[in-house]
Each structure stands twice: as C-alpha cells, then as structure tokens.
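Any chance you could fold what I've pasted below:
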Amino acid sequence: IDQLFIIQKVLGPLTPAHSEMFLRNPRFLGLKFPDMTRPETLEKRYVGKLSKRAMGFMKSVLVMEPAHRRRADELLQGPYFEGLEKRDSRPYFE
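Residues are numbered from 1 along each chain as shown. Purely as a prediction, here's the structure:
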C-alpha cells in the first residue's frame with residue numbers, strides 16, 4: 001500500500017479500474033488513501049535534475065492510465081533515444 005501511495009503522490013489518483021481492484025482486494029479492506037487531488041508532479045520532483053528529453057520520456061512512460069502510455073517500440077523511436085546508434089541488427093522485439 002505504501003508503493004500505491006507514492007505512485008499516486010507523483011502521478012495523481014488511481015484510475016477508476018485501479019480503484020475498483022484496490023477496493024475489492026480483501027487485504028486492503030477498510031483502508032483509504034489520503035486526498036490525492038494535488039499530486040507532487042514529476043516536474044516538481046525532478047526540476048533541475050533531468051534534461052527535457054529525459055523528463056519527456058518519463059512523462060510518457062509514467063502514466064497512470066495504461067491505455068495512454070506509449071509502447072516500447074514508440075519510445076525507442078522517440079527523442080530520448082535519438083542519436084544512439086543501434087549496435088545489433090536484430091529487431092528489438094522478436
């Protein structure tokens with residue numbers, strides 16, 4: 001539950017589907033999270049510590065709603081990996 005709290009602290013409240021799974025889990029019966037309407041954003045947490053490219057990469061990966069996250073193949077084509085040479089001619093995913 002501590003990890004779920006930290007995730008919400010940075011990314012915001014759980015999605016409705018995640019909330020439902022949490023509430024149905026007998027381990028968490030009777031537990032509630034504090035108000036998560038004002039999360040500590042990635043920008044606030046990592047200001048001055050990450051490049052714009054790295055921040056963009058993290059923001060596209062660390063998205064609460066799974067349907068809105070970028071796929072690995074999309075990420076590999078994105079600006080974060082731009083300029084890195086591919087050492088192997090095999091596809092990343094087979």
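
use CA for all of it now, contacts and neighbours both
Fine.

pLDDT weak spots in this structure?
Low-confidence segments of the chain (pLDDT under 70): 86-94.

Centroid-nearest residue for it?
A centroid search over the chain (Cα atoms, centre = their mean) returns residue 62, at 1.4 Å, as the residue closest to the centre.

what about the helices in this protein?
Counting by DSSP state H, the chain has these helices, from start to end: 2-11, 16-24, 42-46, 52-61, 72-76.

Columns mean neighbour count on top of those, output as CSV?
Shown next, in CSV, are the helices of the chain (neighbours: other Cα atoms under 10 Å):
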stretch, mean neighbour count
helix 2-11, 16
helix 16-24, 12
helix 42-46, 12
helix 52-61, 15
helix 72-76, 12
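
nearest to residue 36, of those helices?
helix 2-11 (6.5 Å; Cα to Cα).

and that closest one, what does it pack onto?
Applying 3 or more Cα pairs under 8 Å, 6 or more residues apart in numbering; DSSP states H and E, we find helix 2-11 packed against no helix or strand.

rewinding a little: now the residue nearest to the centre of the chain: how far from residue 51?
Using Cα to Cα, to the nearest Å, residue 62 is found at 16 Å from residue 51.
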